[in-house]
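> following is a predicted model, sequence given first.
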Amino acid sequence: MSISNTINSLAATTLSNEVHLVSLGYGELRLATQYCERKTLEDLFQTEDGLIIVDSEGEEIFVDPKTNLYPLEPENTYTVISEKDLESDTEDNDLDEEEEEEEDVDDEEDEDDREDEHETTTTTTTHSHGHQEGSQLKEETCAHTHSSCCQHNDNHSSCAHDEESEQNHPCCPHDHDNEEVVLNEPQHNHTLNNQVYFKLLRMREARVEMISRLYKRLHPEIFTLSEEFFENDFIEPIRQYRKTKQEKDLLKALNKLTDTDIYQFKIFKLDFCKKLLEEIENFKNTGLPIARPNSMNNYGVVLDEIGFTQFFTDLRQNYLCLFTSILYKQYYGDCIDGHHAFVVQYKMDKDKELAFHYDESDVTVNLCLGSEFTGGSLYFKGILDQPETHSEYFEFQHQVGSALIHIGTHRHGARGLESGSRTNLILWLRRIGY
Ligand SMILES: O=C(O)CCC(=O)C(=O)O
Ligand SMILES: [Fe+2]
């Protein structure tokens with residue numbers, strides 16, 4: 001199943017006129033300075049009631065009245081604050097302070113609880129990786145959350161693991177899955193969380209709208225899935241299976257790698273991989289808004305946001321689900337009805353590795369798009385809810401054009417890149433249950 005590394009060196013670039021805009025509790029965007037215009041930022045951050053931008057020193061940056069642009073310095077990080085959120089935050093704090101004064105008289109111990117409640121209301125996001133606690137990755141620890149509006153404003157080192165000892169930092173602030181567990185507190189917290197969730201959705205809609213209006217596709221033909229994009233090793237077994245209905249015919253497309261159900265397969269032709277990679281680089285070079293694909297990858301791109309939703313819906317429904325229904329029934333593989341499609345990018349001066357985690361998916365497909373690199377292998381250490389598999393150690397060296405499929409809760413990480421740049425397409429397949 002080996003495939004030669006023929007894709008030429010398309011470096012995972014970072015735009016030089018890009019700024020990082022961090023919104024308190026609502027994630028992070030990368031955006032070119034020419035788009036840092038008041039109206040655009042108000043849309044992207046849904047702050048129509050007023051917008052405040054501060055630099056890393058806490059100094060407020062004022063919009064240039066002539067151009068309506070914020071004079072932001074490339075490669076710097078700024079914090080975007082909605083005046084409305086600031087007001088409600090201040091109100092909350094005032095309220096907290098009043099309560100505190102009252103409670104100080106009675107009991108000083110509840111203070112920490114209130115801080116916890118407040119934190120959970122301001123950090124709601126929806127894509128996560130799970131992290132290891134003790135010898136087992138537990139849902140109650142940090143999860144790499146997954147949905148259309150995931151964004152964090154932490155860098156993922158705060159969620160990193162000590163992968164050798166299989167310990168995680170138990171205090172990861174983005175404990176999204178945990179929110180369900182922790183948030184059994186007053187009703188107003190749930191209401192606020194809903195508000196945060198819907199605001200994240202509106203922010204995503206604003207990004208998608210801006211991208212669909214302004215992005216000029218480089219290879220428009222690759223946005224509609226065609227069987228011509230597939231490798232014969234992938235599509236022929238499917239065609240055969242459609243005729244015979246014999247599972248064994250379908251499974252000829254896959255190469256079983258472990259007893260824990262990791263499979264390798266070829267899916268797209270190299271030409272398609274190359275075009276997709278070029279499209280992603282082309283998009284990144286426009287400086288249009290890029291949200292982080294999840295809690296751990298800083299430099300990826302969400303493909304659903306740049307126009308590939310229908311493509312991946314077709315791929316999921318008409319092709320990948322054939323496999324997941326057979327291989328991963330136990331993990332909802334037979335009722336997958338949602339996905340989150342993104343690329344992760346590693347580069348020597350940017351993210352080089354990915355900490356030990358599990359995905360917020362039922363089944364994950366991971367395809368190496370390019371370009372030239374050494375290092376960066378993927379390692380697996382057993383499935384979360386199967387302790388008997390935890391002694392597993394399986395390492396896989398990515399090759400361009402080659403894909404893996406595995407259970408989402410199969411614990412894994414990516415070793416450090418040693419040279420070049422690596423871009424992988426990740427497809428988190430999920431049972432949403434509509
Ligand atoms: O770097 C890779 O190939 C894996 C990425 C990954 O596991 C993830 O984004 O969840
Ligand atoms: Fe992962």
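All right, it came through fine. Ligands and ions are numbered 1, 2, ... in the order given.

> helix or strand right after the one helix or strand in the chain whose mean pLDDT sits lowest?
Lowest by mean pLDDT, DSSP states H and E among the helices and strands of the chain is helix 176-182, with a mean of 28. Toward the C-terminus, helix 176-182 is succeeded by helix 187-214 as the next helix or strand (DSSP states H and E).

> helices and strands around that following helix, which ones?
In terms of contacts (3 or more CB pairs under 8 Å, 6 or more residues apart in numbering; DSSP states H and E), helix 187-214 is packed against strand 27-32, helix 38-44, helix 111-122. C-beta here means a position set from N, CA and C on the backbone, and glycine is covered the same way.

> by mean pLDDT, show me the worst of these.
Set side by side, those differ in mean pLDDT, and helix 111-122 is lowest with a mean of 30.

> now residue 87: how far from ligand 1?
Computed as CB to the nearest ligand atom, to the nearest Å, the residue 87 to ligand 1 distance reads 36 Å.

> for the helix or strand harbouring that residue, what does the pLDDT average out to?
Assigned by DSSP H and E, residue 87 falls within helix 83-106. Averaging pLDDT along helix 83-106 gives 57.

> same question for stretch 312-329.
Averaging pLDDT along stretch 312-329 yields 98.

> now the end-to-end length of that stretch.
21 Å (CA to CA, to the nearest Å).

> list the contacts of it.
When contacts are defined by CB atoms under 8 Å, 6 or more residues apart in numbering, stretch 312-329 is touched by residues 225, 230, 234, 238, 241, 247, 250-251, 253-254, 261, 263, 303-304, 333-334, 336, 339, 341, 362-363, 365, 405, 407, 427, 429.

> which parts of it are buried?
Across stretch 312-329, burial judged by 16 or more other CB atoms under 10 Å covers 312-313, 315-316, 319-325, 327-328.

> pretty sure residue 263 contacts residue 234?
No: proximity of residue 263 to residue 234 does not meet the contact threshold set by CB atoms under 8 Å, at 11.9 Å.

> between these two, who's got more neighbours?
Ranked by neighbour count (other CB atoms under 10 Å), residue 263 and residue 234 place residue 234 first, with 21 against 18.

> quick one: secondary structure of the more buried one?
Classification of residue 234 by DSSP: H, G, I helix; E, B strand; the rest coil places it in helix.

> do you know how far it is from ligand 1?
Going from residue 234 to ligand 1 by CB to the nearest ligand atom gives 19 Å.

> what does residue 347 give?
For residue 347, the distance to ligand 1 - CB to the nearest ligand atom - is 12 Å.

> what about residue 26, neighbour count?
Residue 26 - counted by other CB under 10 Å - has 25 other residues nearby.

> among the buried residues of stretch 312-329, name the ones in helices.
Per DSSP state H, helices hold the following members of those: 312-313, 315, 321-325, 327.

> any chance you could map the strands in the stretch 301-434 of the chain?
For the stretch 301-434 of the chain, the strands defined by DSSP state E, counting those that start in this stretch occupy 301-302, 338-347, 354-359, 363-370, 373-375, 378-383, 394-396, 402-407, 410-414, 417-430.

> nearest to ligand 1 among the buried residues of stretch 312-329?
The closest of the buried residues of stretch 312-329 to ligand 1 turns out to be residue 312 (CB to the nearest ligand atom; 15.3 Å).

> for ligand 1, what are the nearby residues on the chain?
Contact residues, the chain versus ligand 1 (CB under 6 Å from any ligand atom): 129, 297, 344, 354, 359, 366, 378, 412, 414, 424, 426.

> so what's the third one up against?
It stands for residue 344. Shown in contact with residue 344 (CB under 8 Å, 6+ apart): 293, 297, 299-300, 351, 354, 423-424, 426.

> what subset of these is buried?
Using 16+ other CB under 10 Å as the burial test, the contacts of residue 344 include 293, 297, 299-300, 351, 354, 423-424, 426 as buried.

> can you tell me which one of these sits lowest on pLDDT?
residue 297 (85).

> quick check: the residue nearest to that one when sequence neighbours are not counted vs residue 38, distance?
Excluding the flanking residues, the one nearest residue 297 by CB to CB, 6 or more residues apart in numbering is residue 344, at 4.5 Å. As judged by CB to CB, to the nearest Å, residue 344 and residue 38 stand 32 Å apart.
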